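Asks: build me a model:
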Amino acid sequence: MGVDASSEVVVVGGGVIGLTTAVTLAERGRRVRVWTRDPVERTTSAVAGALWWPYRIEPVESARAWALRSLEVYEALAADPDLTGVRMVEGVLGETDPDAAGAWAGERLPGLRATTAEKYAGSGLWARLPLIDMTVHLPWLRRRLLDAGGVVETRTVSDLASVEAPVVVNCTGLGAHELVPDASVRPVRGQLVVVENPGLRTWVVSTDTAGEMAYFFPHRDRLLLGGTADEDVWSTEPDPAVAEAIVRRCAALRPEIAGARVLGHRVGLRPARDAVRLERELLEEERVLVHNYGHGGAGVTVAWGCAEEAAGLASS
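Replies: Okay, here's the model as predicted:
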C-alpha cells in the first residue's frame with residue numbers, strides 16, 4: 001500500500017496506546033510520526049503489569065468491544081512470544097464472580113473454571129489470558145512502526161492545536177490532564193516490586209478481606225509483584241514500606257516469594273478518567289484532532305481495539 005504524503009499524522013504519546021495507534025495508522029498507509037516526551041522504555045506503559053483483563057475502565061460496553069478485539073490480536077502475537085513479548089498464561093482471578101467474568105468475555109474464554117482450595121484459598125476462577133512482557137513488547141511495537149515507515153521523535157508538546165499536521169492523535173494518557181487540559185484525568189498510583197522468579201509459571205490476582213490487592217505475574221527471568229491503587233497520588237518514588245507490604249501479601253499467596261531476591265522497584269501512574277475519551281474534533285484550517293486517552297489500568301487490555309477506532313476517526 002502506498003503512503004499518502006499529504007496525509008501526515010502526528011501521534012502525541014509514546015506509550016502502548018500511542019504506539020499501537022501509530023502502528024495501525026502506518027500499516028493503513030498513513031505517514032506517521034510519534035512525538036513522545038519520554039523514550040518508550042520510560043513511559044508509564046513500561047511499568048504495567050500488563051495482564052489482559054479489564055481494570056478501572058469505562059464505559060463497560062465499549063471497553064468490552066475494544067478488549068475482545070485486542071484479545072484476538074494478542075492471541076495471534078502469542079505465537080511468537082520471544083519476538084512480541086506476548087504469552088498466553090494460566091492463572092487465578094481471585095474473588096471473581098463467574099457470571100461477571102462470563103458477561104465480560106466468557107464466550108471468548110472457554111477455559112474459565114472454578115479454582116480449587118489447593119491452588120487458591122479463596123474463591124476464584126482459573127483463566128488463560130495474555131500476559132505481556134512490556135520490556136519486549138514496547139520495543140517490538142516501535143520496530144513494527146519503523147518497519148511500516150513511521151518515525152519516533154523525543155519531543156515535548158505544550159499545545160495540541162499548534163502541532164503542524166493535518167491529523168493529530170492525542171495519546172498522552174495522564175499528560176492530557178494539563179495538555180488538553182482535562183481536569184477529569186487523574187492518577188491512580190501503582191507500585192510494583194520486581195524479584196527473581198523462584199519457579200512460578202502461573203499468575204494470581206487477589207483482593208483480601210481488607211480490600212488490599214496482591215498479584216504476581218511470572219516472566220521467564222523475573223516476577224512482578226503488586227500492587228497498589230492510590231487515587232490522586234502523583235508521586236513516582238517507590239515507598240519502601242509499601243514494597244515490604246506488597247512482598248508480604250504476595251508471599252501469603254505463594255510462600256516461595258518471601259525468599260526471592262529483589263531486583264528493582266517500579267511506580268506508574270494509571271491515567272484514570274470517568275470514561276475513555278475516544279473522539280474526533282476539528283481544529284482550524286480543517287485539521288483534525290483525535291483524542292484517545294483515559295484508559296485507566298486497562299491500556300494494554302484495550303489498546304488494539306481503541307487504536308483501530310482512533311485510526312478510523314483520523315480517516316473519516
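
Asks: for the helix or strand hosting A241, packing partners?
Replies: Using DSSP states H and E, A241 sits within helix 240-253. On a contact count with 3 or more CB pairs under 8 Å, 6 or more residues apart in numbering; DSSP states H and E, helix 240-253 meets strand 186-195, strand 213-218, strand 223-226, strand 262-272. Bear in mind the C-beta positions are built from the backbone N, C-alpha and C, glycine included.

Asks: again, only using 10 Å
Replies: The contact analysis (3 or more CB pairs under 10 Å, 6 or more residues apart in numbering; DSSP states H and E) places helix 240-253 against strand 186-195, strand 203-207, strand 213-218, strand 223-226, strand 262-272.

Asks: those strands: which one's closest to V47?
Replies: strand 262-272 (3.3 Å; CB to CB).

Asks: C-alpha coordinates for that closest one, PDB please?
Replies: C-alpha atoms of strand 262-272 as PDB (Å, rounded to 0.1, in the frame of the first residue of the first chain):
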ATOM      1  CA  VAL A 262      14.600  -8.200  44.900                       C
ATOM      2  CA  LEU A 263      15.700  -6.800  41.500                       C
ATOM      3  CA  GLY A 264      14.000  -3.500  41.500                       C
ATOM      4  CA  HIS A 265      11.100  -1.300  42.200                       C
ATOM      5  CA  ARG A 266       8.600   0.400  39.800                       C
ATOM      6  CA  VAL A 267       5.900   3.100  40.100                       C
ATOM      7  CA  GLY A 268       3.400   4.000  37.400                       C
ATOM      8  CA  LEU A 269       0.500   6.400  37.400                       C
ATOM      9  CA  ARG A 270      -2.600   5.000  35.700                       C
ATOM     10  CA  PRO A 271      -4.400   7.600  33.700                       C
ATOM     11  CA  ALA A 272      -7.900   7.200  35.200                       C
END
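
Asks: pairing partners for the helix or strand that it is followed by, with directions?
Replies: Next in sequence after strand 262-272, counting helices and strands by DSSP H and E, comes strand 277-282. Take DSSP bridges as the rule and strand 277-282 pairs in its sheet with strand 288-293 (antiparallel).

Asks: what is the least confident helix or strand in this structure?
Replies: None of the helices or strands of the chain scores lower by mean pLDDT, DSSP states H and E than helix 98-105, at a mean of 75.

Asks: next, the buried residues of it.
Replies: 101, 104-105 (16 or more other CB atoms under 10 Å).

Asks: possible to save those residues as TSV with distance to A161?
Replies: Shown next, in TSV, are the buried residues of helix 98-105 (distance: CB to CB, whole Å):
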residue	distance to A161
A101	43
W104	38
A105	38
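
Asks: nearest to A260 among those residues?
Replies: For the buried residues of helix 98-105, the nearest to A260 is A101 (29.4 Å; CB to CB).

Asks: for the closest one, give its distance to V73.
Replies: Going from A101 to V73 by CB to CB, to the nearest Å gives 21 Å.

Asks: what does G297 give?
Replies: Counting by CB to CB, the gap from G297 to V73 is 19 Å.

Asks: rewinding a little: list of residues touching the helix holding A241?
Replies: 92, 94, 120-122, 189, 191-193, 195, 204-206, 208, 210, 212-216, 223-228, 230, 239, 257-260, 262, 265, 267 (CB atoms under 10 Å, 6 or more residues apart in numbering).

Asks: just the buried ones among those, please.
Replies: 92, 94, 120, 189, 191-193, 195, 204-206, 213-216, 223-228, 230, 239, 257, 260, 265, 267.

Asks: and G15, what's its pLDDT?
Replies: On pLDDT, G15 comes in at 97.

Asks: report the separation between it and A243.
Replies: In terms of CB to CB, G15 sits 24 Å off from A243.

Asks: quick one, which of those two is more surrounded?
Replies: G15 (32 against 18; other CB atoms under 10 Å).

Asks: of G297 and V73, who's got more company?
Replies: G297 (21 against 18).

Asks: so the nearest residue to the more buried one once chain neighbours are set aside, which state does it fall into?
Replies: Spatial nearest neighbour of G297, excluding adjacent residues (CB to CB, 6 or more residues apart in numbering): Y55 at 3.9 Å. Classification of Y55 using DSSP: H, G, I helix; E, B strand; the rest coil returns coil.
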